[in-house]
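Colleague: No letters, just coordinates:
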DNA sequence: CTCATGTGATACCATTTAGTATCATATATA
DNA sequence: TATATATGATACTAAATGGTATCACATGAG
């Protein structure tokens, strides 16, 4: 199994991390900037960022003494791929439904 | 914030639960049937099913002494809704997926 | 009725998780 | 250079999580 899939799903399981993802969708931010917007310590925010990074959902650009955290849309791919499994599932159910209707008409 | 969103994300964060979801996509199953396919006790599987139910991802039909667990595609909606926030970041795969669900519901 | 089967529920355990506090290190800046 | 700023890293804690063992209860089959 793709290890990125598990890390990505786990990264999004926490509400704080989902909020961080949404914030980074609006603009790149340093750890300090993110910490300003939460009621928790910088160390806690840093841990969340590590989990998001493990999940491939963000990248970090080191700029001097700052770390610019940036959303990595590509990291969402494993999750969407997983969901696409059910695209087939839904299509099949629709096909079955169609078939049932056609049988009924005959 | 929608409480279903957190429960749904949490439900999918565990690999065993994601596998259960895929199994139930293939066919409805009782707890005993699911337990046969995992190397863990029935109690553990039951706990996973409770989490999946809390997340709105499955429904249960009680039939005599059996409990038929069934995938609830509607439960995926909060997750897909959350992802739709990021429309600007990726292609139309998500939109297609959502459309498939909605078609199925109608 | 009796008994096997399918499940619910509880207590318990080890590990992970989300958080804090604290100290160390690197880099701007006065 | 001296100091403030931005972050890394570690140790610690409480609570959540994933699992087992075990007992109780309801239902179907002989």
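Modeller: Noted; the coordinates are in hand. These figures come from a predicted structure and were not determined experimentally.
Colleague: which residues does residue A:63 contact?
Modeller: With contact set as CB atoms under 8 Å, 6 or more residues apart in numbering or on different chains, residue A:63 has no partners. The C-beta positions use only the backbone N, C-alpha and C, and glycine is treated the same way.
Colleague: Nearest to chain B: which residue in chain A?
Modeller: residue A:13 (3.6 Å; CB to the nearest CB).
Colleague: Verify the stated contact: that residue with residue B:13.
Modeller: Yes - Residue A:13 is within contact range of residue B:13, at 3.6 Å (criterion: CB atoms under 8 Å).
Colleague: what about stretch A:70-85, start to end distance?
Modeller: End-to-end distance for stretch A:70-85, by CA to CA, to the nearest Å: 28 Å.
Colleague: Same question for stretch A:31-46.
Modeller: First-to-last distance for stretch A:31-46 - CA to CA - comes to 7 Å.
Colleague: ok, it near DNA strand C or not?
Modeller: Yes - contact of stretch A:31-46 with DNA strand C is found when judged by CB under 7 Å from any atom of the strand, involving A:39, A:40, A:41, A:43, A:44.
Colleague: Which of those fall within helices?
Modeller: With DSSP state H as the criterion, helices contain A:43, A:44 from among the residues of stretch A:31-46 next to DNA strand C.
Colleague: Which pair in the residues of stretch A:31-46 next to DNA strand C has the greatest spatial separation?
Modeller: Taking every pair in the residues of stretch A:31-46 next to DNA strand C and measuring CB to CB, the maximum separation is 13.7 Å, between A:39 and A:43.
Colleague: And the two? Which one has more around it.
Modeller: Legend: neighbour count by other CB atoms under 10 Å in any protein chain shown for residue A:39 and residue A:43, higher for residue A:43 (9 against 6).
Colleague: Which residues of chain A lie near DNA strand D?
Modeller: Neighbours of DNA strand D within chain A, by CB under 7 Å from any atom of the strand: A:30, A:31, A:32, A:42, A:43, A:46, A:60, A:65, A:66, A:67.
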